[in-house]
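Chemist: show me how the following folds:
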Amino acid sequence: MMKIKILFTLICSTLLLSCYAQQPTDSTAEKMLVYQLGNGGWPKQLDDKSVVNYGAALTPELLAKIKATKDLHATFDNKATSREVVYLVKAYKKTKNKTYLTAAEKGLDYILSAQYANGGWPQYYPDKALYRSEITYNDDAMINVLNILQDIATQTNDFEVVNPAYIKKAEKAVTKGIDCILKTQVKQNGVLSIWAAQYDKDSLLPAKARAFEPASLSTSESAGIVRFLMRMKNPSAAEKNAITAAIKWFDTYKIAGYRFDRPSDPKTNIKTAALVADNAANTWARFYDLDKNTPIFGDRDNTIKTKLEELSPERRNGYAWYGNWGQKLIEKEYPKWLTTNGK
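Modeler: Predicted coordinates for the structure are as follows:
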């Protein structure tokens with residue numbers, strides 16, 4: 001009888017191992033599991049400053065670097081953490097591999113723990129060095145996180161698969177996040193404009209980041225903020241006012257008849273960033289003076305320029321100083337939003 005029981009146990013164990021071995025996997029998701037840090041977040045780069053690349057093979061050398069990477073590298077910059085959470089949720093829905101959902105939910109715990117009491121998110125958490133603790137809209141860091149939480153709250157974009165216990169947590173975090181957004185919209189003589197890219201986490205005043213990223217109105221990030229606010233069903237009067245004021249600012253300060261490009265000099269064949277005449281285009285500078293609403297440009301030496309041509313060649317050609325960030329908002333998205341939410 002004992003031999004039969006042992007044999008039965010062995011058979012069951014073999015079957016379980018076989019089932020696990022046959023569990024569908026996703027190669028990118030598998031790498032994301034390896035890169036995930038102990039606190040649940042993901043880095044954008046490792047300790048040696050090499051960039052996270054999910055297309056790279058996990059060699060013994062790379063695995064050693066990943067293992068050595070500290071939790072301080074966890075960030076929301078360059079889509080880190082938000083990118084992985086979104087991907088892992090979709091991978092779980094496709095494969096039903098529970099390890100992907102578990103990792104995504106650990107990422108959600110990290111996201112929720114990183115939110116400040118005032119509703120903002122830092123660029124890095126828990127690292128507070130330099131500008132990393134500032135409330136960060138730059139490169140859509142905070143908005144990427146809020147879009148995930150709104151997906152959980154509304155059970156959309158595949159996030160219906162996460163544990164229902166996250167719904168209330170997400171709703172609370174989104175409410176606090178919107179409160180932060182409304183409080184940080186820059187006022188000029190009492191009139192709402194758009195948003196800065198970073199804010200001091202305590203005073204909620206616009207702040208600088210890197211030497212070439214001054215405290216200023218930031219068009220790229222503001223477009224993302226407006227799009228997030230337009231996701232809200234039955235928006236409050238304050239949310240409507242924030243959206244309408246931002247759209248008015250974008251329309252007022254557009255640079256009509258130009259686009260940003262890097263044309264080649266016919267004599268030297270060297271490409272140089274410049275505004276190029278284009279009757280079909282509208283463009284906006286990336287940064288505007290907080291009071292004057294005039295374009296400004298930051299250089300590596302912390303100096304602020306008023307003309308693109310005044311920048312050092314490396315900075316002039318190494319940054320997106322202009323873009324058409326507000327065009328789709330003005331021409332398509334805002335009019336569509338008004339049909340449902342107009343005053």
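Chemist: all helices of the stretch 51-200 of the chain, in order?
Modeler: Listed in chain order, the helices of the stretch 51-200 of the chain (DSSP state H, counting those that start in this stretch) span 60-68, 82-95, 98-114, 141-154, 165-184.
Chemist: tabulate the ones you listed (a markdown table), appending distance to residue 269, mean neighbour count and mean pLDDT.
Modeler: Any C-beta I mention is one placed from the backbone N, CA and C, and that applies to glycine too. Putting the helices of the stretch 51-200 of the chain into a markdown table (distance: least, CB to CB, whole Å; neighbours: other CB atoms under 10 Å; pLDDT from 0 to 100) gives the following:
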| stretch | distance to residue 269 | mean neighbour count | mean pLDDT |
| --- | --- | --- | --- |
| helix 60-68 | 38 | 11 | 97 |
| helix 82-95 | 36 | 21 | 98 |
| helix 98-114 | 46 | 20 | 98 |
| helix 141-154 | 37 | 23 | 98 |
| helix 165-184 | 44 | 18 | 98 |
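Chemist: next, format those as JSON lines and append distance to residue 49.
Modeler: Shown next, in JSON lines, are the helices of the stretch 51-200 of the chain (distance: least, CB to CB, whole Å):
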{"stretch": "helix 60-68", "distance to residue 49": "10"}
{"stretch": "helix 82-95", "distance to residue 49": "19"}
{"stretch": "helix 98-114", "distance to residue 49": "22"}
{"stretch": "helix 141-154", "distance to residue 49": "19"}
{"stretch": "helix 165-184", "distance to residue 49": "30"}
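Chemist: closest one to residue 24 among those helices?
Modeler: helix 82-95 (3.8 Å; CB to CB).
Chemist: to the chain's geometric centre, what's the distance from the closest one?
Modeler: Chain-centre distance of helix 82-95: 16 Å, with CA atoms, centre = their mean, to the nearest Å.
Chemist: then stretch 94-109?
Modeler: The answer for stretch 94-109 is 20 Å, by CA atoms, centre = their mean.
Chemist: what about the strands in the protein?
Modeler: 135-136, 187-188, 191-192, 198-199, 217-218, 255-261, 274-285, 287-288, 297-298, 304-305, 322-323 (DSSP state E).
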